[in-house]
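Novice: Predicted model follows, preceded by the sequence.
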Number of protein chains: 2
Amino acid sequence: MTAKAAAAETRTPPVHPMPFVRIELAVLSVLEGALQVLLGRRAEAPMAGRWALPGGVLRIDLDADLDAACQRTARERLGIELPGAVQLAAVGGRSRDPRAPWALSVVYRCMVTPGRLAIEPGKRMAELKWVPAQAAIADDKLAFDHGLLIDKAVQSLRAEVEVLRFAPGLMEQAFTLGELQAASEAVLGRPLDKSSFRRRLDAAGCVKPVPGELRTGAFRPAQLYRLELQH
Amino acid sequence: MTAKAAAAETRTPPVHPMPFVRIELAVLSVLEGALQVLLGRRAEAPMAGRWALPGGVLRIDLDADLDAACQRTARERLGIELPGAVQLAAVGGRSRDPRAPWALSVVYRCMVTPGRLAIEPGKRMAELKWVPAQAAIADDKLAFDHGLLIDKAVQSLRAEVEVLRFAPGLMEQAFTLGELQAASEAVLGRPLDKSSFRRRLDAAGCVKPVPGELRTGAFRPAQLYRLELQH
DNA sequence: TCAAAAGTGTTTGGGTTACACCCATGG
DNA sequence: CCATGGGTGTAACCCAAACACTTTTGA
């Protein structure tokens, strides 16, 4: 019986040591006209005091799959869900993380509207802050390889906005076309032409007017729109 | 001393069980005018006898990082290196693989020229065969979730060919523009216009003539070209 | 009445499609 | 000399940038 168990043990894969698996969150937002990324200051070793992407350990007892692990991590570290989070990449290797001989991180990217996030640090987060994405990518004092990960996140976001595939969470539920253009310009880092931007928008059909709804500001009121789900 | 060790132990992450981590290879090739994917018949349980993507267990003692793990897996299963392999995605969850309570696979995609691969099954591979990608994606009898993974691989390849970013391994070292066009058409699944294809090629500068080199066939000899590395 | 932002039209040019047309070669 | 694939030219067209213009409101 013990022999049989031993045999089964030998045949099953866990005979090989497995890597330390984490989830990292690249949470982005357009704030004050610039694309910013949410960083947390690490409360514990390793790299205590250093700024890093919020993240946590994959818990196979709690998480049904990777996407669920992403959401649980978001709840624990940021106190909110991250609808529309998409997987960016997996990175892994020796000496990525001093806690383990081999560390693998699955990185998620998510857009969040300014209001969504009451920046309240959760477990093991000393502090949270928004940092302009440019500065974060250039900062070589970020923990681990998180600078590279932020770069990847920004690149993939740009590629999507370029072809008018707006991630949910980029805008509030309802917004004016002017606001959408401003957000796109902040992400892309270059100005867009109002006329062609709008023509492209309704050619793509990715945005739908909310009848009757207007935003009344200091000047002429603007039609409000919502994101239309892509095919 | 033991107390200190115990404390360290409690703080270090391996207190949580980690998932079973594998590498899967989506090896694609244009064969007989169609995009095909390399499948292996599983020699062992689970799903013995079923066709699946070649793959293997991540070995943190052997692999320096994920890319290295991909190459080792290719050597062991296929007997060759896979230059130009790119990471596609990571998938993971409970009940993906009966061998473990939680399985995570990092999937790589690679193009291979017809001649490159002497289909010689390696360790734990009963047999290897090329299957048209369309058929493989539609086949619901593939092991695990590999049908979905093949779909992803083909989609990402199409997106690249669409913008003339030819993966190394798509073509032999030297090729005629006609061959490049034929391969692109096979990947995209639609005909391309010769004239505009060529104009786009030299606008993008992604292809460079090899002076003096000609391919002499049944008819007029053709200039040979090589892929130019992108910026 | 003016500033500021919303919203529309028109011109223009670059790039792609579609198609026609020569060129070179082995059979 | 002809079938076949290599290679080039041209006109039509589409899209989007550029820019000017009108509209609407609060101050």
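Specialist: Nice, I can see it. Numbers count the residues shown, from 1 in each chain, chains lettered A, B, ... in the order given.

Novice: Show me what the biggest strand by length in chain A is packed up against.
Specialist: Ranked by residue count, the top strand of chain A under DSSP state E comes out as strand A:20-31. When contacts are defined as 3 or more CB pairs under 8 Å, 6 or more residues apart in numbering or on different chains; DSSP states H and E, strand A:20-31 packs onto strand A:34-42, strand A:55-57, helix A:66-78, strand A:102-111, helix A:146-162, helix A:177-188. Where you see a C-beta, it was placed from the backbone N, CA and C, and this is true even at glycine.

Novice: What strands flank the second one, and is each parallel or antiparallel?
Specialist: Strand A:55-57 has the following strand partners under DSSP bridges: strand A:20-31 (antiparallel).

Novice: Distance from the chain centre to the strand it pairs with, please.
Specialist: 4 Å (CA atoms, centre = their mean, to the nearest Å).

Novice: Confirm for me that residue A:42 is in contact with residue A:48.
Specialist: Yes - between residue A:42 and residue A:48 there is a contact under CB atoms under 8 Å: 5.4 Å.

Novice: more crowded one of those two?
Specialist: In this view residue A:42 and residue A:48 are compared by other CB atoms under 10 Å in any protein chain shown, and residue A:42 has more residues nearby, 21 against 11.

Novice: and chain A, which of its residues are near DNA strand C?
Specialist: Within reach of DNA strand C by CB under 7 Å from any atom of the strand, chain A has these residues: A:176-179, A:194-195, A:198, A:217-223.

Novice: Make JSON lines out of the residues you listed and add distance to chain B, secondary structure and pLDDT.
Specialist: Formatted as JSON lines, those follow (distance: CB to the nearest CB, whole Å; DSSP: H, G, I helix; E, B strand; the rest coil; pLDDT from 0 to 100):
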{"residue": "A:176", "distance to chain B": "31", "secondary structure": "coil", "pLDDT": "93"}
{"residue": "A:177", "distance to chain B": "28", "secondary structure": "helix", "pLDDT": "94"}
{"residue": "A:178", "distance to chain B": "30", "secondary structure": "helix", "pLDDT": "93"}
{"residue": "A:179", "distance to chain B": "29", "secondary structure": "helix", "pLDDT": "94"}
{"residue": "A:194", "distance to chain B": "27", "secondary structure": "helix", "pLDDT": "95"}
{"residue": "A:195", "distance to chain B": "26", "secondary structure": "helix", "pLDDT": "94"}
{"residue": "A:198", "distance to chain B": "25", "secondary structure": "helix", "pLDDT": "94"}
{"residue": "A:217", "distance to chain B": "40", "secondary structure": "coil", "pLDDT": "74"}
{"residue": "A:218", "distance to chain B": "42", "secondary structure": "coil", "pLDDT": "78"}
{"residue": "A:219", "distance to chain B": "41", "secondary structure": "coil", "pLDDT": "85"}
{"residue": "A:220", "distance to chain B": "40", "secondary structure": "coil", "pLDDT": "88"}
{"residue": "A:221", "distance to chain B": "40", "secondary structure": "coil", "pLDDT": "91"}
{"residue": "A:222", "distance to chain B": "35", "secondary structure": "strand", "pLDDT": "92"}
{"residue": "A:223", "distance to chain B": "33", "secondary structure": "strand", "pLDDT": "93"}
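
Novice: Among these, name the buried ones.
Specialist: Using 16 or more other CB atoms under 10 Å in any protein chain shown as the burial test, the residues of chain A next to DNA strand C include A:176, A:177, A:179, A:198, A:222 as buried.

Novice: What parts of chain A come near DNA strand D?
Specialist: Chain A comes close to DNA strand D at residues A:192-197, A:199-200, A:203, A:216, A:218-221, as judged by CB under 7 Å from any atom of the strand.

Novice: Measure how buried residue A:115 is and give me the count.
Specialist: By other CB under 10 Å, neighbour count at residue A:115 equals 8.

Novice: typed the wrong thing, it's residue A:205
Specialist: For residue A:205, using other CB under 10 Å, the count is 11.

Novice: Then residue A:57?
Specialist: 19.

Novice: swap in residue A:24?
Specialist: Residues near residue A:24, counting by other CB under 10 Å: 24.

Novice: Which pLDDT does the model give it?
Specialist: Listed pLDDT for residue A:24 reads 97.

Novice: The nearest residue to it once chain neighbours are set aside and residue A:74, how far apart?
Specialist: Once flanking residues are discounted, residue A:24 sits nearest to residue A:55: 3.9 Å by CB to CB, 6 or more residues apart in numbering or on different chains. Residue A:55 sits 10 Å away from residue A:74, going by CB to CB, to the nearest Å.

Novice: anything in contact with each of those two?
Specialist: residue A:25 (CB atoms under 8 Å, 6 or more residues apart in numbering or on different chains).

Novice: looking at it, residue A:228 is touching residue A:205, isn't it?
Specialist: Yes - counting by CB under 8 Å, residue A:228 touches residue A:205, with 6.2 Å between them.

Novice: beta partners of residue A:109?
Specialist: Those that pair with residue A:109 in a beta bridge, by DSSP bridges, are residue A:26, residue A:86.

Novice: how about it, what does it touch?
Specialist: By CB under 8 Å, 6+ apart, the neighbours of residue A:109 are A:26, A:28, A:85, A:86, A:87, A:88, A:153, A:156, A:157.

Novice: Can you select the buried ones from those residues in ChimeraX?
Specialist: Burial among those is assessed by 16+ other CB under 10 Å; the matching ChimeraX selection reads:
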select /A:26,28,85,86,87,88,153,157
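
Novice: so can I have JSON lines of the contacts of residue A:109 showing distance to residue A:140?
Specialist: Formatted as JSON lines, the contacts of residue A:109 follow (distance: CB to CB, whole Å):
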{"residue": "A:26", "distance to residue A:140": "18"}
{"residue": "A:28", "distance to residue A:140": "20"}
{"residue": "A:85", "distance to residue A:140": "27"}
{"residue": "A:86", "distance to residue A:140": "27"}
{"residue": "A:87", "distance to residue A:140": "26"}
{"residue": "A:88", "distance to residue A:140": "21"}
{"residue": "A:153", "distance to residue A:140": "17"}
{"residue": "A:156", "distance to residue A:140": "22"}
{"residue": "A:157", "distance to residue A:140": "22"}
